[in-house]
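A.B. asks: Fold the following, please.
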Amino acid sequence: QISSMLVQLATQIEDPIERLEAIHVNTVREKTYQGAIGAKTLANMAEAVPFGIAHQAARLYSRFHISELHKPVFNVTITNVPGPQVPLYLNGHKLLSIMGMAPIIDGMGLIITIFSYNGQVTISPTSDAKSMPDIDVFTRYLRESANELETAVLKIKEKEKPVKKAPKKAASDALF
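C.D. replies: Alright, predicted model coming up:
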């Protein structure tokens, strides 16, 4: 089942834990809103415009640079594809990683594909050079941000660990 949501990413929040919590709240809010509309209704909307007409509209949109006349509804698309969580093999060779890629279409400058496989997550940003000439810098920032979030989560987990007390010695311990 394919669904889409518009979610604010809370990029204005510096603390990684607070940012993640805000994204979670925004996602839950959008899922609630989407549930109110109904997935079937959204799917039927997509079928209302025949593919040929949609294709021609996209060509006119590009040709006349209509995207320059308004702010886009969104400026980045992020996909999240849960993959198999068990190792896959091809001709006896273990598949080590799966990375995603999606096409860039007119009016969209960046798409980030997220794919999970066998306990790992890959994040693969794709952009056109005109919209984002420094995709390598952006990719480095994504990695640094993920590392920052992981460090913050590990610190919280470390604080939550119960302190192990030394076991009390029984009187018989002196004998053995």
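A.B. asks: how many other residues sit next to residue 19?
C.D. replies: Residue 19 has 19 neighbours, counted by other CB atoms under 10 Å. (Each C-beta comes from the backbone N, C-alpha and C, glycine too.)
A.B. asks: Would you mind listing the buried residues in the helix or strand hosting it?
C.D. replies: Take DSSP states H and E as the rule and residue 19 turns out to sit in helix 16-37. For helix 16-37, the neighbour count (16 or more other CB atoms under 10 Å) marks 16, 19, 22, 23, 26, 34 as buried.
A.B. asks: With stretch 147-157 instead?
C.D. replies: Residues of stretch 147-157 classed as buried by neighbour count (16+ other CB under 10 Å): residue 152.
A.B. asks: again with stretch 87-104
C.D. replies: Residues of stretch 87-104 classed as buried by neighbour count (16+ other CB under 10 Å): 98, 100, 104.
A.B. asks: List the contacts of the first one.
C.D. replies: For residue 98, the contacting residues are 83, 115, 117, 122, by CB atoms under 8 Å, 6 or more residues apart in numbering.
A.B. asks: try 10 Å this time
C.D. replies: 81, 83, 84, 88, 115, 116, 117, 118, 120, 122, 124 (CB atoms under 10 Å, 6 or more residues apart in numbering).
A.B. asks: Can you classify it by secondary structure?
C.D. replies: What DSSP: H, G, I helix; E, B strand; the rest coil gives for residue 98 is coil.
A.B. asks: Closest to residue 144 out of the buried residues of stretch 87-104?
C.D. replies: The shortest approach to residue 144 among the buried residues of stretch 87-104 belongs to residue 100, at 20.7 Å (CB to CB).
A.B. asks: and the residue lying closest to that closest one once chain neighbours are set aside, which of the three is it?
C.D. replies: Spatially, and ignoring its direct neighbours in sequence, residue 100 is nearest to residue 113 (3.1 Å; CB to CB, 6 or more residues apart in numbering). Three-state assignment for residue 113 (three-state DSSP): strand.
A.B. asks: partner residues bridging residue 113?
C.D. replies: Here residue 113 shows beta-bridge partners residue 79, residue 124, assigned using DSSP bridges.
A.B. asks: tell me which helix or strand of this structure sits lowest on mean pLDDT?
C.D. replies: Among the helices and strands of the chain, helix 39-48 carries the lowest confidence by mean pLDDT, DSSP states H and E, at a mean of 56.
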